[in-house]
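**Q** Sequence and predicted structure below; questions after.
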Amino acid sequence: MVAFGKKLKERQIQEWQGFYLNYKLMKKRVKQYAQQMEVGTQDRRHVLKDFSRMLDNQIEKTVLFILEQQGQLASRLTNLREQHDALEETPEISQITELREAYRAVGQDLLKLLCFVEMNAIGLRKILKKFDKRFRYRFTDYYVKTRANHPYSQLQQVFKHVGLGAVVGAISRNLHELQDRQGSYLSIYDPPALPLQDPVVDSINAAVDRLSHSTNFLNFLAQHALIMQEELPAPTDERIDDERYHFMSLLLNLANTFLYMVNTYIIVPTADDYSMSLGAAATVCGIVIGAMAVAQVFSSVYFSAWSNRSYFRPLVFSSIVLFVGNTMYALAYDMSSLTVLILGRLCCGLGSARAVNRRYISDCVPLKIRMQASAGFVSASALGMACGPALAGILQTNFKIYKLTFNANTLPGWVMAVAWLVYLVWLWISFKEPSRDIEEPPASNSETVENVALEEGKQPLLITSEEKQEDDEDPEGDGSEEAPEESRKPATSIVSAYRLLTPSVKVQLLIYFMLKYAMEILLSESSVITTYYFSWSTSTVSIFLACLGLTVLPVNIVVGSYISNMFEDRQILLASEIMVCIGILLSFHMIIPYTIPQYVCSGLIMFVSAEVLEGVNLSLLSRVMSSRLSRGTYNGGLLSTEAGTIARVIADATITLAGYLGESLLLNITLLPSFLICVASIVATCFTYNSLY
């Protein structure tokens, strides 16, 4: 990935240089404030007031220039509108073509202005973050809240591009009208009409999307996948993306994600019965379910490395391994072998290609639809999580063909084996391996983290040689010195990746571990618990688990569209952790008898709160992760995946070990570690963010 500051330098508009925010001046002023407060010649109140006034002046200079340019564009559009109206009476093809080109020229100038606004918005966010980090004060919250909603606000021009939407609309509508009209005047011998959407309109819409940083459902959902867009992608990157993009290949990656999640959860309602049919205890279901996660700890690493060279071959290997694993899982019944059962699940875990799925979206999907593709990845996972148990509830039959038994225990294996075989044929016929322009591993990776260069503070808004030298000496912005080449190299091992984690990132990973542990305990032991306390059938357990899975998307819609706009992420984070803790406490068997409403309500509170927590946690994680963990095999996404997978492994092992104490104690014994880890994560959250602010 090209350094963030280098991109800014390439994209800056030289003739408008005097109208950008003076980032260098503000950065020096922040340094002076720190020195003055250290020696006691300035107090915090005066610093806040003086820096606020400085920001106001800088923003006013930029905004007035934006308004001036916006007025010039509006004036040009007004003149073009008059020419457009004149063509209504005497339309001529040549004049229509000239008018369309004139609109396109206005569109190109609008793109320049949008780029100008975008760079200043990034610079403003960057200096606010630097001020907060240096003085351990929530100045950003104060400044934005006091300025953004004021009737005379100028921040709206920078962050919400007020007024530019009307210019975008005018250009888009008129180009569309002219295209339609040209088609109506051409003869049958003329070339066919152009596509309805003009390329310049596509570019404008992409720029507006990048400039819009308000929270919405798609953006919130996409963050679950840790596949984020760069703030200032180069135009050549968009062209390369278009060349690599193949819709059917993207669909195959999403199908792989869906089938894998179905494969993971389809055995949950019947794993205890299957274990008992082979002569083991019901709680051995923890090992059976967790075997897949154990193998995934290793498969995530080699699939992440393999995707540096190919996407097609890892997906083929994944499909074959999953076909074999599910076949072994189904045959274990007639072989009366618990070992074959567990080996089958291990084999399924070795076929986890989620790292490849993420990587493909990051590298080969155009920027303009990458957020939608990321949201599709998360939606496919959620849908698979719900469909797995639901499908298990349907497969309630019992018959034999020759010596093969088909019943509720073996049918999940047979069905998934057939599904992966069909998928393999579809993959072989339809997948298109994207071209690779360079031999070395690509710089960007599946878990590209949003705003990484901005968070690192490597380069200023308008860079000079003197300022570049200062930033290279302190690339992280926290006083640590590191060679600029080293500061951009990806981690080469899990250990080196872990060393790059800041305290806040470690807390985020602890939270991720906690929520995955709690969710796995709830889901994996559900069949054993409900059978012991309520005598639920497999179908009833399947319905319960499917209903839990179906809450994922509605919950994310509510959080992404409404709650995230009303509260800060850190507030939602802490509230969600507390609700998970409450859900765990309500799940304990402290009241005799243990009732269905208590179990269902506490499980729903725990699961829904964990889903909210996961989305907000990954949103924060994407903003604080080091840029060195945004690429390479050992990236931030791999670390978070490993944290979640290890949590699932430990949770499933806990269920099996607790089973030796008897099913009557299983619920409370397994919930106790969940409660302790949850309390630890809450304490860590409070301590970390109180120390930062």
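**A** Received, thanks.
**Q** where's the nearest residue to I596 once chain neighbours are set aside relative to D273, distance?
**A** Once flanking residues are discounted, I596 sits nearest to F534: 5.6 Å by CB to CB, 6 or more residues apart in numbering. Quick note: C-beta positions are derived from backbone N, CA and C, even for glycine. F534 is 16 Å from D273, where distance means CB to CB, to the nearest Å.
**Q** mind showing which ranges of the stretch 451-600 of the chain have poor pLDDT?
**A** Of all residues in the stretch 451-600 of the chain, those with pLDDT under 70 make up the ranges 451-494, 561, 565.
**Q** likewise the stretch 1-150 of the chain?
**A** Those would be 1-12, 89, 91, 136-138, 141-142, 145, 148-150, if you go by pLDDT under 70 across the stretch 1-150 of the chain.
**Q** And the helices in it, which stretches?
**A** Ranges of helices in the stretch 1-150 of the chain, per DSSP state H, counting those that start in this stretch, are 4-11, 23-39, 44-86, 93-135, 139-148.
**Q** Kindly indicate whether V608 is helix, strand or coil.
**A** helix (DSSP: H, G, I helix; E, B strand; the rest coil).
**Q** meant to ask about T405, not that
**A** T405 is classified as strand under three-state DSSP.
**Q** That one: what's it in contact with?
**A** Counting by CB atoms under 8 Å, 6 or more residues apart in numbering, T405 touches Y333, D334, N398.
**Q** Only whichever of the residues you listed are buried, select them in PyMOL.
**A** The buried residues among those can be selected in PyMOL (16 or more other CB atoms under 10 Å) with this line:
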select buried, resi 333
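**Q** I'd say F399 and L411 touch.
**A** No - using CB atoms under 8 Å as the test, F399 is too far from L411 to be in contact (9.9 Å).
**Q** quick check, nearest of the contacts of T405 to F303?
**A** The nearest member of these to F303, counting by CB to CB, is Y333 at 29.7 Å.
**Q** Now do the contacts for the closest one.
**A** By CB under 8 Å, 6+ apart, the contact list for Y333 reads Y274, S277, L278, T405, N407, N409, T410.
**Q** I'd guessed the first one sits against I267; true?
**A** So the one you mean is Y274. Yes - at 7.4 Å, Y274 counts as touching I267 under the criterion of CB under 8 Å.
**Q** Identify the contacts common to these two.
**A** Contacts common to Y274 and I267, judged by CB under 8 Å, 6+ apart, are V288.
**Q** any idea how far Y311 is from P434?
**A** 7 Å.
**Q** picking that back up, inside helices: which ones of the contacts of T405?
**A** Per DSSP state H, helices hold the following members of the contacts of T405: Y333, D334.
**Q** Relative to V612, which of the contacts of T405 is nearest.
**A** Nearest member of these to V612, counting by CB to CB, is Y333, at 39.2 Å.
**Q** what's the distance between A419 and N263?
**A** A419 is 8 Å from N263, by CB to CB.
**Q** Repeat that for M590.
**A** To N263, M590 is 36 Å away according to CB to CB.
**Q** These two: who's more crowded?
**A** For M590 versus N263, the count of surrounding residues by other CB atoms under 10 Å is larger for N263: 28 against 10.
**Q** Which elements pack onto the host helix or strand of F298?
**A** Assessed by DSSP states H and E, F298 sits inside helix 285-306. Using 3 or more CB pairs under 8 Å, 6 or more residues apart in numbering; DSSP states H and E, the elements in contact with helix 285-306 are helix 271-277, helix 312-335, helix 338-349, helix 354-364, helix 503-524, helix 636-658.
**Q** min pLDDT across the contacts of T405, which one?
**A** Within the set of the contacts of T405, pLDDT is lowest for N398 (88).
**Q** And the nearest residue to I320 once chain neighbours are set aside, how close does it get to P412?
**A** By the measure of CB to CB, 6+ apart, the closest residue to I320 outside its immediate chain neighbours is L424, 6.8 Å from it. Distance, L424 to P412, by CB to CB: 19 Å.
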